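Enquirer: Okay, predicted coordinates and the sequence, questions at the end:
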Amino acid sequence: MLKTSLNEFHRECGAKLVDFAGWEMPVMYRGIIDEHLCTRQAASLFDVSHMGRLEIRGDAAERFLQRLCTRNVTGMKVGLSRYSHLCNESGGILDDIIVSRFASHFLIVCNASNRDKVIAWLRRHAGDFGVSIDDRTLETAMVAIQGPQAIPTLKSMLPLPIDELKRYHFLSGELMDAPYAVFRSGYSGEDGVEVVMPAALAPSAVRLLLARAEAAGSPIKPAGLGARDTLRLEAAMPLYGHELTEAWDSITAGQAWCVDLTQPFIGQPVLKQIQERGPARKLAGFELAGRRIARQGCRILQAGREVGVVTSGTQSPTLGKVIAMGLIEAALAGPGQAVEMDVSGTAAPATVVPLPFYKRQRA
């Protein structure tokens with residue numbers, strides 16, 4: 001099993017470690033609800049070093065990525081990141097990724113569970129463009145600092161003007177002659193940053209950061225994958241293997257905003273047809289009555305007829321409600337529709353509601 005360079009730090013903090021996509025990762029430290037609310041109210045630090053980090057280099061790197069990405073990456077300026085999908089020829093989603101433009105290369109951040117698949121897909125198509133694909137996952141680390149106090153706390157600690165960064169932009173710098181990059185992005189529904197640095201630097205950098213934050217009276221506490229999942233679900237952010245799979249396409253998955261159908265990427269002809277005729281199913285949000293949670297795979301029913309399937313569900317710590325996302329027949333995807341969830345053979349009443357469930361208050 002792979003371990004991130006922060007594995008010993010997690011143990012010191014009392015983390016419960018689990019196998020996640022072949023990595024030993026912290027699922028929680030103090031408890032999922034505590035870590036969730038800390039992120040919503042203050043700031044938390046997540047180790048996301050298990051996610052793949054791939055560098056694409058070569059004169060044709062931009063054309064290569066434009067051929068594979070659903071998002072338009074042509075003409076991206078240095079310091080800009082864009083969320084995109086990689087699709088197969090049938091429009092099925094191979095992975096959702098973030099593409100960032102550096103002066104000398106592009107960086108792709110992909111899901112840990114899909115890293116080998118993504119690398120194989122990239123290399124399968126790289127020969128036509130003469131680009132190099134370098135996997136930097138094991139030699140780097142990545143941490144996410146998320147929450148309303150993340151930027152105010154970090155801006156006095158990092159030698160970069162991160163408070164001036166726009167969403168999905170990044171800055172590069174050096175610390176003790178080691179390169180690092182700070183991205184204003186995240187997966188929690190809150191403001192914050194993700195920092196990529198050399199793996200060897202991460203343990204001392206994280207300990208120093210948390211100690212300085214504590215001394216400044218704005219503590220940043222570690223949080224695990226459990227809270228990361230409940231946070232992203234409240235914010236209606238998709239998770240690969242749940243809302244995103246090769247079994248369906250970007251349009252059906254509610255991600256049409258990251259698809260530029262004017263670009264000739266792999267899968268574009270199929271996605272264009274789906275967009276024109278309209279998807280048979282759509283991703284929708286649901287609130288359930290009572291306390292029973294509809295987990296992934298639960299059937300969605302209306303008048304006894306199966307009309308969809310749950311992709312994710314949880315008890316929302318922020319809202320105090322049971323929420324879920326799922327794919328449902330397009331005609332029933334509008335807010336206010338009454339349905340039932342088949343939870344272990346018991347029908348749980350539910351209502352279609354707008355997404356996201358939670359939106360942070362912006363200053």
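Expert: Great, that's in hand.

Enquirer: Tell me the buried residues in the helix or strand residue 269 falls within?
Expert: According to DSSP states H and E, residue 269 maps onto helix 268-277. Within helix 268-277, the residues that count as buried by 16 or more other C-beta atoms under 10 Å are 268, 270-271, 274. (Each C-beta comes from the backbone N, C-alpha and C, glycine too.)

Enquirer: again, but for stretch 244-255
Expert: Residues of stretch 244-255 classed as buried by neighbour count (16+ other C-beta under 10 Å): 244, 248-255.

Enquirer: How about stretch 230-237?
Expert: For stretch 230-237, the neighbour count (16+ other C-beta under 10 Å) marks 230-237 as buried.

Enquirer: Residue 147: which of the residues you listed is nearest?
Expert: residue 231 (9.8 Å; C-beta to C-beta).

Enquirer: Can you tell me the SS state at that closest one?
Expert: When classified by DSSP: H, G, I helix; E, B strand; the rest coil, residue 231 comes out as helix.

Enquirer: By mean pLDDT, point me to the weakest helix or strand of the chain.
Expert: Within the chain, no helix or strand scores below strand 170-175, which has a mean of 90 by mean pLDDT, DSSP states H and E.

Enquirer: Buried residues in that strand, which are they?
Expert: Residues of strand 170-175 classed as buried: 170-171 (neighbour count, 16+ other C-beta under 10 Å).

Enquirer: returning to that earlier point: could you identify the most distant pair in the buried residues of stretch 244-255?
Expert: Maximum pairwise distance in the buried residues of stretch 244-255, criterion C-beta to C-beta, is 12.0 Å, between 244 and 251.

Enquirer: gap between stretch 84-97 and the chain center?
Expert: 15 Å (C-alpha atoms, centre = their mean, to the nearest Å).

Enquirer: need the longest helix for this protein.
Expert: Of all the segments of type helix in the chain, defined by DSSP state H, the longest one is helix 202-215.

Enquirer: What is the distance between whatever helix or strand comes next after that one and the centre of its chain?
Expert: Counting by DSSP H and E, the next helix or strand C-terminal to helix 202-215 is strand 221-222. Remark: strand 221-222 is offset 19 Å from the chain centroid, using C-alpha atoms, centre = their mean.
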